[in-house]
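**Q** Here's my sequence, what's the structure:
(2 chains)
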Amino acid sequence: MAMDKTFDAATAEPRIYAEWEAQGCFAAGANKTHDETFTIVIPPPNVTGSLHMGHALNNTLQDILVRWHRMRGFDTLWQPGTDHAGIATQMVVERRLNAQGVKRTDMSREDFVAKVWEWKAESGGTIVNQLKRLGASCDWSRERFTMDEGLSDAVRKVFVELYDKGLIYKGKRLVNWDPHFETAISDLEVENIETPGHMWHFKYPLAGGETYEYVEKDADGAVILRETRDYISIATTRPETMLGDGAVAVHTDDERYAPIIGKLCEIPVGPKEHRRLIPIITDDYPDPDFGSGAVKITGAHDFNDYMVAKRNNIPLYALMDTKAAMRADGRPYAEDAAIAQAIANGERDFDEAMVAAMNLVPDEYRGLDRLEARARVIADITGEGLAVMVPDPDYDPEGDAPERIPLVESKPIMQPYGDRSKVVIEPMLTDQWFVDAETLAKPAREAVAKGDTAFVPKNWEKTYFNWLDNIEPWCISRQLWWGHQVPVWYDADENAYCAATEAEARALAGGKTLTQDPDVLDTWFSSALWPFSTLGWPEETPELARYYKTDVLVTGFDIIFFWVARMMMMGLHFKDEVPFYSVYINSIVVDGNGEKMSKSKGNVIDPLGLVDQYGADALRYTLASQEVQGRRQSRMSESAVEAARNFGTKLWNAARFAEFNGCERDPAFDPAKATETVNRWIIGETAKTLEATDAALTAYRFNDAAGGLYQHVYFLCDWYVEFSKPLLTGADGPAKDETKATVVWAIDQCLIMLSPIMPFITEELWRQTGGTGMLMHHDWPTYGSDTLADAGAEAEMRWTISLIEAIRSVRAEMNVPAGAKIDMLLTDFEYEAAQRLLRQGALIRRLARLSEAAVGNEAPAGSIVTAVEGATVNLPLADIIDVKAEGARLRKKLDKLSKETGGLEKKLSNPGFLAKAPAEEVEKQRARLDAATEEKAKLAAAVARLEAMG
RNA sequence: GGGCGCGUAGCUCAGUGGGAGAGCACCUCGUUGACAUCGAGGGGGUCGCAAGUUCAAUCCUUGCCGCGCCCA
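**A** Have a look, this model is predicted:
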């Protein structure tokens, strides 16, 4: 069967993938020859997602490692699956419903969840099919989903166990609240973005019109301002939250306010007759150098204030509803303001529930959006003359505008946004479930510190430590409908019963009627269990025993906190063992300009578009070759993919060459027993390439593996294929037979070594050249250069190549017509050079296009001259030689050589170098100098002859 | 403010304590039976700046300049 002229990726790849699947090539343990396992769990993509470049890179790297180990006979498992992606999926489905004019809130929870399952059934296979197009050799028979039955069992078991140990608890805390989705989110789901903002300065009048001496000093203690004040000045970026202030705080050591500590001041907003008075307290939080040095404390709407309020027992007054509008519930303002005043006066005790029920939003602001409320607050305070005023720099004495204006600083502020909703996140005081992350983090930190799990590259460990060392309680409850519902039930008295099933909870409750907590769990809660839940846990399955812990997790740095750290915590807690030996952090694929790809920027490169155009192998090769360990970004450019496609074509044509020349696999061929120099040489080169490839993959140096194989294939094509031609077209005999076998062997080794990176084209070549079985299950070679490399053969062939290159270079430079055959004479030759010319003359004549290649004592007049190791190369071209051009060429070369010898001589005459550099290094430099000096002499002689001619 | 990373050829990037590399782009030549999705040859870089360590620095250290990311 003749080979196809080219590789048709579009038709071959799906066909080959289907064959692999049909033959069970990806199954756990397929092709194993020993019991050592190699396991990777896939970072589960969102079930309703589609493949982007990051997936393509991440999964290509995993597939390379998996295929490599599978060929090496490991008991290999690549565990696939998808994630239910709570908030992201709910968002997509809601958006689809909205397009049909249906709102989620018009539906029952049950109906909505049914809709999501429908959508999952419809689109859930997309990403899996896309991974298949990429060539991912996952064991699809073991595919899991974070909401399938087994994984849901695992989630409930983990929750109950942590609850029973007190490591999961419920509490009213300040959390990040997404007003769009109306749910809490974790710190990690918040993006802080610098946004233009304003800082307003207001006066909080002292109670009862009291005054004090306000003294401002400079750094040397000299008084720069002294005035009598009846207020304390407050700066804020969020005036609307003033309504919930519980105190004003100044730094403990701030002398300016010492006279008024413990006194009351008035929040300058709200109905005049019900103005609230709040205490002036001290704390270490306020920065005396920032603003006025005094800070309003709104414990329910700011994380820093929350801490201050907690420390000082200041009530936390919540002002907003779930949509972040000003609250409209509860009693009239006057009533609650009176209660708040009694608390501030110390006349009344308070508790959390009581404070939570109070609504301190003045009646006229109730129901307003928070930004509207902000504008109203500012206007009202300014109108009342309680804004801090400054002279207007643009004041026009002729105009109507006032001379002084309110002090409003424009300044960038860090604004929190929801990573999914893209709306401004509000700190909100709500009841949520938390994991005691601090307790779980300790063993997770320790495991990496001890080296039980290693990050590659290592510097990510610092990031990991830093996060774990400052970890906050993990808010795991979400006010969503799609996800694992919290396995806690309540009786009519709000007593909680935590159990894996409702029946068990009811048993705990003594048979009372219960209702389940409506919240669902953070998606990452179930992802955290992924390395063991996918293997069957909590059942003690054979797979769990066999494949846990896994070998390497391949992922991006952006989810070290979200996912990697949490898997470490859960794995250690529930399996007593880290979930993986290594964590390989891959780069982030960006566009050609180094910008992160995003839909909004419109710079997304679709990996499947590249697969369509160039084939999956080309994309895979490109991704692997760009993956440099420790590099943050890798840029995706189409030209690189095109070059990778061409690389595949090169390989294809090498195989066609072998076929044309009747090279067939010889099962009896033993590379160690080859006798022809060219064959021994390429066999040695191949062995070295194998070693380099193994070393690179072992160290997760994907670019080295890909680049090394690229070099080797091109080297093989440029030189070995050319060298083999005379032997293949020459007389029949043992040399020809050996060469035929070597050609096939050498190309086969390329196919085998490239199979993990470029599985399709190599498999197809294997098939079309009559290989038996599946290449992807071929044994990975184990030979080494120690047995296969032949230093003599290598030296000889390298010399031959250098001679051919030298002649080609001179020919091109001197414009010798490409078709013209010329003579060559080696003079000043050493014995070895003459012997090599004798043995390799046929190849040299052919590739340098020579009619004669001989040795002689004297160069003919009018020769072009160049030098190789151990000989002067003369090309007698008296009839076409341009004496001037040749002279110029030689002098240019001599200049270069002089520079080199000059540097080397200087180095070798440096006593420090001779005394302190390693002897080996001195010897090496001496040899370099000798070689350069020799070449220089040869060329100088040529110049002399030329001048004698001229 | 804390942390991490980057600055090498026109572009994108490897790399190394001792001879500056690749791909793409560019220039010249070429269709010789594997390959024009190709081949041969070539031009092009004070390795960001400065100081230090060293016999020797593009590489190590420090500072500075410029850029990016993460956390506060």
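**Q** burial count for A:L875?
**A** 24 (other Cβ atoms under 10 Å). Backbone N, C-alpha and C define where each C-beta goes, glycine included.
**Q** what about the host helix or strand of it, distance to the chain center?
**A** Per DSSP states H and E, A:L875 falls inside strand A:871-876. A distance of 55 Å separates the centroid of the chain from that of strand A:871-876, by Cα atoms, centre = their mean, to the nearest Å.
**Q** Please, where are all the helices along the stretch 51-200 of chain A?
**A** Assigned by DSSP state H, counting those that start in this stretch, the stretch 51-200 of chain A shows helices spanning A:53-71, A:86-99, A:109-134, A:149-164.
**Q** on that earlier part again, could you say what helices and strands the following helix or strand past the strand holding A:L875 packs with?
**A** Downstream of strand A:871-876, the first helix or strand assigned by DSSP H and E is helix A:883-908. Helix A:883-908 sits against helix A:919-949, with contacts defined as 3 or more Cβ pairs under 8 Å, 6 or more residues apart in numbering; DSSP states H and E.
**Q** For the helix it packs on, which helices and strands make contact with it?
**A** strand A:863-868, strand A:871-876, helix A:883-908.
**Q** and the strand holding A:L875, average pLDDT?
**A** Averaging pLDDT along strand A:871-876 yields 92.
**Q** Next up, the contacts around the closest residue to A:I559 other than its chain neighbours.
**A** Spatial nearest neighbour of A:I559, chain neighbours left out: A:P43 (7.4 Å); criterion: Cβ to Cβ, 6 or more residues apart in numbering. By Cβ atoms under 8 Å, 6 or more residues apart in numbering, A:P43 lies in contact with A:N58, A:L553, A:V554, A:T555, A:I559, A:W563.
**Q** In those, which has the lowest confidence score?
**A** Scoring the contacts of A:P43 by pLDDT puts A:I559 last, at 84.
**Q** Near RNA strand B, which residues of the stretch 351-500 of chain A are found?
**A** By Cβ under 7 Å from any atom of the strand, the residues of the stretch 351-500 of chain A that approach RNA strand B are A:M414, A:N459, A:K462, A:T463, A:N466, A:N470.
**Q** 10 Å instead?
**A** With Cβ under 10 Å from any atom of the strand as the criterion, the stretch 351-500 of chain A comes near RNA strand B at residues A:412, A:414, A:416, A:419, A:457-463, A:465-467, A:470, A:472.
**Q** and those residues, which are buried?
**A** Buried members of those, scored by 16 or more other Cβ atoms under 10 Å, are A:P416, A:W460, A:E461, A:W467.
**Q** The helix or strand hosting the last one - what's its average pLDDT?
**A** The one in question is A:W467. Using DSSP H and E, A:W467 maps to helix A:460-469. Helix A:460-469 shows an average pLDDT of 86 in the prediction.
**Q** same check, this time on stretch A:298-305
**A** What stretch A:298-305 shows for mean pLDDT is 83.
**Q** And it, how far out from the chain middle?
**A** With Cα atoms, centre = their mean, you get 34 Å for stretch A:298-305.
**Q** So which bits of it are buried?
**A** By neighbour count on 16+ other Cβ under 10 Å, the buried set for stretch A:298-305 is A:T298, A:G299, A:A300, A:H301, A:D302, A:D305.
**Q** related to what we said a few turns ago, so what are the sheet partners of the first helix or strand past the helix holding A:W467 going along the chain and their directions?
**A** Scanning forward in sequence from helix A:460-469 by DSSP H and E, the next helix or strand is strand A:474-475. Take DSSP bridges as the rule and strand A:474-475 pairs in its sheet with strand A:426-435 (antiparallel).
**Q** what residues does the partner strand touch?
**A** Strand A:426-435 is contacted from outside by A:162, A:167-177, A:179, A:184, A:299-303, A:306, A:316, A:318, A:320, A:324, A:356, A:370, A:473-477, A:486, A:519, A:521, A:525, using Cβ under 8 Å, 6+ apart.
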